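Novice: sequence first, then the predicted structure:
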Amino acid sequence: MANPPGSARLAAIMACAFCGAFAGFLVESQAAPRDAQGFHNNYPHESKQSFWRWQWERLANGAPQPPPGGWNIPHVRTDAAALRANGHVPTVTWIGHASFLIQLGGRNILTDPHFSERASPVPFAGPKRAVPLPIEIDELPRIDVVLVSHNHYDHLDVDSVKRLAGQPGGSPLFLVPLGLKAWFADQGIPRVEELDWWESRDEEGLRVTLVPVQHWSKRTLWDTNQTLWGGWVAEGGGLKVIHTGDLGYSKDARDIGERAGPFDLALIPIGAYAPRWFMKTMHIDPAEAVQVRADLRARRAIGMHWGTFEHLTDEPLDEPPVELARRRASAGLKPEDFDVMKIGETRNIKKGGDET
């Protein structure tokens with residue numbers, strides 16, 4: 001069947017979300033490496049692979065299709081009233097993909113908020129939400145801080161951040177990596193602060209730090225690596241939580257563990273890893289996720305970045321938890337050391353990662 005009009009242009013736009021990263025290099029400075037070509041990673045890694053080769057393979061082999069009865073993606077409706085009433089108990093709620101509501105130190109934090117139907121620059125095509133949203137933006141408690149890891153469309157959704165900026169009582173504080181403040185200004189969102197790697201921001205009992213991970217950035221055809229990327233460490237109420245954002249495996253995780261660990265809870269990607277020849281420099285797989293937990297010195301880990309957007313990458317949508325369980329057992333870990341949540345589920349966070 002012939003491609004619909006404009007499909008070539010759409011494919012080019014969508015390529016922005018998946019092209020490979022520049023090879024990085026090691027520096028001693030805590031600041032992110034940067035030159036005329038943009039930001040770079042801390043450690044050497046393989047150069048980018050061909051997005052178009054991946055798309056050709058998809059065309060030839062087909063994208064993963066759900067089995068009879070659909071994907072096995074456990075999900076529940078979030079108890080929004082309980083979250084709004086909670087003023088002091090530390091909790092984590094998985095909204096889906098890399099989006100979490102973290103209640104820590106009496107503050108409400110959102111990570112990589114994405115409440116739209118598709119992870120795409122356009123509303124009519126691109127990876128589509130596989131299960132219903134567990135909670136709507138207007139059901140959330142008042143959000144104090146929004147943490148954005150990088151500018152890819154599955155992590156930075158324009159409609160979501162605009163709606164959050166318009167919440168009753170005023171905009172939350174958006175904390176973003178270097179270079180992203182201008183994009184927010186273009187959306188009419190002024191309450192934004194940029195951080196470099198290892199820079200921190202204190203916000204009423206909460207300390208948040210941007211930490212280096214191996215990834216890259218791109219939102220248009222012309223802005224490759226012009227904005228920074230990273231993970232976020234949040235400390236409050238005697239607890240320490242890390243949201244790694246997207247990452248390929250590198251020594252950065254060990255550096256973070258040595259410098260900022262141990263962590264009571266780590267939110268670590270376990271999905272979006274196939275095909276491996278294309279994704280490995282930018283997305284860890286479950287085996288590497290188990291190693292990242294160890295490198296970070298995290299007492300407890302939750303797998304994220306899976307089960308939310310269909311056709312984002314090429315592994316079956318419900319495969320990552322199965323593979324995580326296998327790799328966890330091989331490493332001698334218990335399920336409570338590193339497991340997954342239902343989309344919409346809320347858990348308490350306790351010192352040492354003991355969650356109920």
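Specialist: Done, it's in.

Novice: flag the shaky bits of the protein, pLDDT-wise.
Specialist: 1-29, 52, 54, 353-356 (pLDDT under 70).

Novice: please state the offset of stretch 260-274 from the chain centre?
Specialist: Chain-centre distance of stretch 260-274: 10 Å, with CA atoms, centre = their mean, to the nearest Å.

Novice: could I have that stretch exported to PDB, CA atoms only?
Specialist: Output of stretch 260-274 as PDB, limited to C-alpha atoms (Å, rounded to 0.1, in the frame of the first residue of the first chain):
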ATOM      1  CA  ALA A 260      25.900  10.300  45.700                       C
ATOM      2  CA  GLY A 261      24.900   6.800  46.900                       C
ATOM      3  CA  PRO A 262      23.700   4.700  48.500                       C
ATOM      4  CA  PHE A 263      20.100   5.200  47.400                       C
ATOM      5  CA  ASP A 264      16.900   4.100  49.200                       C
ATOM      6  CA  LEU A 265      15.200   3.700  45.800                       C
ATOM      7  CA  ALA A 266      16.300   3.800  42.200                       C
ATOM      8  CA  LEU A 267      14.000   4.100  39.200                       C
ATOM      9  CA  ILE A 268      15.800   2.400  36.400                       C
ATOM     10  CA  PRO A 269      14.800   1.700  32.700                       C
ATOM     11  CA  ILE A 270      14.300  -1.900  31.800                       C
ATOM     12  CA  GLY A 271      12.600  -1.500  28.400                       C
ATOM     13  CA  ALA A 272      13.100   0.000  24.900                       C
ATOM     14  CA  TYR A 273      16.200  -2.100  24.300                       C
ATOM     15  CA  ALA A 274      15.600  -3.800  20.900                       C
END
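
Novice: name the residues of stretch 124-133 that are buried.
Specialist: Across stretch 124-133, burial judged by 16 or more other CB atoms under 10 Å covers Ala125, Gly126, Pro127, Arg129, Ala130, Val131, Leu133. Backbone N, C-alpha and C define where each C-beta goes, glycine included.

Novice: do stretch 194-212 as well
Specialist: Neighbour counts over stretch 194-212 (16+ other CB under 10 Å) mark 194-199, 203, 206, 208-212 as buried.

Novice: any idea how far apart the tips of it sit?
Specialist: End-to-end span of stretch 194-212 (CA to CA, to the nearest Å): 14 Å.

Novice: what about Phe39, distance to Val148?
Specialist: Here Phe39 is placed at a distance of 15 Å from Val148 (CB to CB, to the nearest Å).

Novice: burial check on Arg276, number of neighbours?
Specialist: 11 (other CB atoms under 10 Å).

Novice: which residues touch it?
Specialist: The contact partners of Arg276, by CB atoms under 8 Å, 6 or more residues apart in numbering, come to Asp285.

Novice: how about a cut-off of 6 Å?
Specialist: With contact set as CB atoms under 6 Å, 6 or more residues apart in numbering, Arg276 has no partners.

Novice: what does Gln214 give?
Specialist: Shown in contact with Gln214 (CB under 6 Å, 6+ apart): Asn41, Leu247, Gly248, Ser250, Asp252.

Novice: now do the phi/psi pair for it.
Specialist: With angles defined as degrees, to the nearest 10, Gln214 sits at phi -90, psi 110.

Novice: swap in His40?
Specialist: Dihedral angles of His40 (phi, psi; degrees, to the nearest 10) stand at phi -130, psi 160.

Novice: for the stretch 51-200 of the chain, which segments count as helices?
Specialist: Under the criterion DSSP state H, counting those that start in this stretch, the stretch 51-200 of the chain carries helices at the ranges 51-61, 80-85, 158-165, 181-186.

Novice: which one is His45 nearest to, not counting chain neighbours?
Specialist: With CB to CB, 6 or more residues apart in numbering as the criterion, His45 has its nearest non-adjacent residue at 5.0 Å, and that residue is Thr281.

Novice: any idea how far the one you found lies from Trp232?
Specialist: Relative to Trp232, Thr281 is positioned 21 Å away (CB to CB).

Novice: shouldn't Ala253 be within a strand?
Specialist: No. Looking at Ala253 with DSSP: H, G, I helix; E, B strand; the rest coil, it is helix, so not inside a strand.

Novice: you'd agree it is up against Asp295?
Specialist: Yes. Counting by CB atoms under 6 Å, Ala253 touches Asp295, with 3.8 Å between them.

Novice: so which of those two has more stuff around it?
Specialist: Per other CB under 10 Å, whichever of Ala253 and Asp295 has more neighbours is Ala253, with 31 against 21.
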